[in-house]
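> Pasting a predicted model and its sequence here:
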Amino acid sequence: MSDRLAGRRVVVTGAGRGLGRAIALAAAREGAAVGLVGRTPRTLEEAAAEASEQGVRALPVPADVSDPAAVERALAAAAEGLGGLDGLVTAAAVDCVQAPTGEMELSEWDTTIAVNLSGAFYCCRFALPQLVEAGGGAIVNITSVAGERAWPEDVAYNASKAGVEMLTRTIAVEYAARGVRANCLAPGVIDAGMTDELPSAEERERLRGQHPMGRFGVADEVAEAAVWLLSDAASFTTGATLRVDGGFLA
């Protein structure tokens with residue numbers, strides 16, 4: 001532990017598994033007290049127990065990020081339990097059943113936008129007053145290479161991630177003078193969480209081949225980048241998208 005986030009209070013959404021869990025644990029290793037937000041109490045409690053082994057406060061806060069009232073309650077509870085808020089990472093996301101745009105079920109669109117885009121907005125909306133009150137802080141919204149390059153038959157996910165990028169840039173412009181930085185972190189295909197849902201070994205190999213480094217990323221590589229964006233080392237970085245994609249978009 002290098003204490004890059006010592007004394008910070010950071011909320012991470014989607015913290016029960018995958019990238020969110022890896023980021024929450026990395027923040028704890030760097031000295032941050034963490035609020036872990038997600039839909040499944042059991043996985044949140046397990047992640048919080050692991051984070052607390054670093055000697056920091058780790059608070060599980062069950063909430064569905066697509067529900068604005070639940071997000072408002074969760075952010076308030078996290079800020080109260082941690083003694084304030086200095087950072088937010090929005091990692092909660094879904095990628096629903098894929099289909100060509102003209103055949104996609106409207107419910108699939110609605111669910112994806114509700115979690116990925118509206119959920120990120122709700123979290124930022126209710127975190128920003130807390131960050132301003134603390135004298136400043138950092139927001140890291142997890143997007144995707146799909147926010148910049150269209151993936152066929154994945155219009156809802158693509159659009160949601162592109163929307164989060166503009167959400168983040170707008171916050172960066174609006175809140176820079178108030179000490180709040182906002183950046184995106186855009187992973188390529190990471191061997192955690194959503195890759196478990198790939199339909200076949202052939203599809204995994206096809207996607208792996210699109211990364212010039214010849215492999216998928218791992219969750220800890222994304223978590224390390226998130227820690228950097230949360231830390232003072234990124235003090236002059238705002239409104240940016242940091243790619244952790246093995247050269248996918250190069």
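Arrived safely, thanks for sending.
> Would you mind listing the residues in contact with residue 147?
158, 161, 162, 164, 165, 184, 186, 241 (CB atoms under 8 Å, 6 or more residues apart in numbering). To be clear about C-beta, it is placed using only N, CA and C from the backbone, and glycine gets the same treatment.
> how about low-confidence regions in the protein?
1, 193-199 (pLDDT under 70).
> remind me, longest helix of it?
Across the chain, the helix with the greatest residue count (assigned by DSSP state H) is helix 155-175.
> Can you give me the buried ones in it?
155-165, 167-169, 171-172, 175 (16 or more other CB atoms under 10 Å).
> pretty sure residue 169 is in contact with residue 239, am I right?
Yes. Taking contacts as CB atoms under 8 Å, residue 169 lies within contact range of residue 239: 4.9 Å.
> what residues are shared contacts of those two?
residue 182.
> mind listing the helices in the chain by residue range?
Under DSSP H, the chain gives helices at 18-29, 41-52, 68-82, 106-112, 119-133, 155-175, 201-209, 219-230.
> right, so the ones you listed: which one is the most enclosed?
Neighbour counts (mean count of other CB atoms under 10 Å) averaged over each of the helices of the chain peak at helix 18-29, with a mean of 27.
> contacting residues for the most centrally placed residue in the chain?
Using CA atoms, centre = their mean, the residue of the chain that lies closest to the mean C-alpha position is residue 91, 2.2 Å off. The neighbourhood of residue 91, defined by CB under 8 Å, 6+ apart, consists of 12, 13, 14, 15, 18, 19, 20, 23, 142.
> Show me which strand runs longest in the protein.
strand 180-187 (DSSP state E).
> Next, the closest residue to residue 31 other than its chain neighbours: phi, psi?
Leaving aside its sequence neighbours, residue 31 sits nearest to residue 6 (CB to CB, 6 or more residues apart in numbering; 3.4 Å). Dihedral angles of residue 6 (phi, psi; degrees, to the nearest 10) stand at phi -60, psi 130.
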